[in-house]
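In: Build me a structure from this.
(one chain, ligands or ions: 1)
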Amino acid sequence: MQTLHSLDPLRRAVAGLRESGKIALVPTMGALHEGHLTLVRAAREQADHVVVSIFVNPLQFGANEDLDKYPRQLERDCALLEAEGVALVWAPTVEAMYPQGFATNISVSGVSEGLCGASRPGHFDGVATVVCKLFHQVLPDVALFGEKDWQQLAVIRRMARDLDLTQPHVDAVLGVPTVREEDGLAMSSRNAYLTSEQRAQAVTLPMAMKVAIAGIESGEPVEACLSRLNAALLAGGFSSIDYAELRDAENLAPLHARGDTPMRLLVAARIGSTRLIDNMAVEPASV
Ligand code: PAF
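Out: As a prediction, the model looks like this:
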C-alpha cells in the first residue's frame with residue numbers, strides 16, 4: 001500500500017492502477033472507525049483497486065468548530081487500511097490541496113440549505129469543493145460515501161450531476177447504509193466524545209426515530225410524530241434538538257405529510273456539547 005502526500009506522485013500512481021482495472025475512491029477525514037471500513041469493503045466489491053483519501057478539510061469547518069482538535073491518526077489509519085487491502089492512501093497536505101491563492105468555491109444550492117446547512121453555514125460548500133477536487137485528482141470509476149451523512153450524499157450527487165462529473169470520470173456516487181452499534185446508535189467519530197452516561201442516553205435517538213417512523217407509516221400526522229420524537233429526545237437526556245424533519249429522500253424538499261416517493265427522517269440533536277446526527281428511510285404511502 002502506498003501513502004502519498006502530493007499531487008504529481010498521486011497522478012502517476014493512479015494512472016498505474018488504472019492500467020490494471022477500475023478504481024474506487026473512499027473519501028474520508030481519517031480517525032477511521034468500523035463505518036469507514038465498511039465503506040472500504042463495499043468499495044472492494046465495486047472495483048479492482050481502492051483509493052482512500054484522508055484529508056481534514058479546513059474549508060468545511062466553521063469558525064466556531066475546532067479544526068485543530070479534529071483527531072489526526074494517519075499511522076493508525078494506514079495500518080487499518082493496509083489490512084483491508086487498500087491500494088493507495090491519498091493524504092495530501094493542506095498546501096497540496098489548497099495551494100497559495102486558492103480562490104474557488106463550489107456551492108450547491110437547494111439540497112445544501114436547511115438541516116445541517118442551517119447550523120453550519122459554508123460547510124457543504126467546503127465539502128463540495130474538496131470532493132470535486134478529489135474526483136478530478138483520483139478520477140475514480142466509483143466513489144462511496146456513508147448514508148449517515150445523508151445531506152452530504154445528496155449534495156455530492158447533485159454536484160456530480162450538475163458538473164458532469166459522473167461521466168466520464170465517476171460512473172457512480174454510491175451511498176453505503178449506516179453502520180450501527182449493537183444498540184442501534186449510528187457509528188460516528190463523535191461518539192468518542194460521549195461520557196458513559198451520555199453514551200447510554202444516546203440510544204434514545206435511533207429508538208425515538210423508529211417510533212416516529214412507525215407512526216408516520218401508520219398514517220398519523222407527521223407533525224404529531226415529530227413533536228413526540230422531540231419530547232422523547234429531551235426526556236432521554238438530549239439537551240437540544242437542531243432539527244427533526246421529514247424530507248424527500250433525493251431533493252430534500254421538506255414534507256409535512258407522508259408522500260408517494262422515497263422519504264427520509266433526518267435528525268440532529270445535542271447531548272451536552274456533542275452533536276449527533278442520524279437519518280432513516282420512511283416508506284412511501286404507495287408501497
Ligand atoms: O464525510 C466526510 O468525512 C467528509 O465530509 C468528506 C466527504 C471526506 C469531505 O471532506
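In: Contact residues of the protein facing the ligand?
Out: Neighbours of the ligand within the chain, by C-beta under 6 Å from any ligand atom: P27, T28, M29, N57, Q60, V127, V130, V131, D149, Q152. (Each C-beta comes from the backbone N, C-alpha and C, glycine too.)
In: Mark which of those residues are part of helices, please.
Out: Judged by DSSP state H, helices contain the following of the residues of the chain next to the ligand: V127, V130, V131, Q152.
In: Show the pLDDT at R180.
Out: On pLDDT, R180 comes in at 96.
In: Correct me if wrong: it contacts M187.
Out: Yes. Contact between R180 and M187 holds when scored by C-beta atoms under 8 Å: they sit 6.6 Å apart.
In: Which one of those two is surrounded by more residues?
Out: M187 (18 against 15; other C-beta atoms under 10 Å).
In: what residues are up against the spatially closest residue to the more buried one that is not a sequence neighbour?
Out: The spatially closest residue to M187, leaving aside those adjacent along the chain, is G35, at 4.1 Å (C-beta to C-beta, 6 or more residues apart in numbering). By C-beta atoms under 8 Å, 6 or more residues apart in numbering, G35 lies in contact with G146, K148, T178, V179, A186, M187, S188.
In: Give the ChimeraX command for selecting the buried subset of those residues.
Out: Burial among the contacts of G35 is assessed by 16 or more other C-beta atoms under 10 Å; the matching ChimeraX selection reads:
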select :146,148,178,179,186,187,188
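In: Export the contacts of G35 to a markdown table and append columns for secondary structure.
Out: Shown next, in a markdown table, are the contacts of G35 (DSSP: H, G, I helix; E, B strand; the rest coil):
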| residue | secondary structure |
| --- | --- |
| G146 | strand |
| K148 | coil |
| T178 | coil |
| V179 | coil |
| A186 | strand |
| M187 | coil |
| S188 | coil |
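In: Show me the strands in the stretch 151-287 of the chain, by range?
Out: Along the stretch 151-287 of the chain, counting by DSSP state E, counting those that start in this stretch, strands occupy 172-176, 240-248, 263-271, 274-282.
In: do the stretch 1-150 of the chain as well
Out: Listed from the start of the chain, the stretch 1-150 of the chain has strands (DSSP E, counting those that start in this stretch) covering 2-4, 23-28, 49-54, 88-90, 142-146.
In: name the helices or strands packed onto the last one?
Out: Identification of packing neighbours for strand 142-146 by 3 or more C-beta pairs under 8 Å, 6 or more residues apart in numbering; DSSP states H and E yields strand 23-28, helix 34-46, helix 123-138, helix 150-162, strand 172-176.
In: what about 10 Å?
Out: Using 3 or more C-beta pairs under 10 Å, 6 or more residues apart in numbering; DSSP states H and E as the contact test, the elements touching strand 142-146 are strand 23-28, helix 34-46, strand 49-54, helix 123-138, helix 150-162, strand 172-176.
In: List the residues that contact the nearest residue in space to S112 that is not next to it in sequence.
Out: Distances taken as C-beta to C-beta, 6+ apart put F124 closest to S112, at 3.9 Å, once the chain neighbours are dropped. Counting by C-beta atoms under 10 Å, 6 or more residues apart in numbering, F124 touches 60, 106-109, 111-113, 115-117, 151-152, 154-156, 159.
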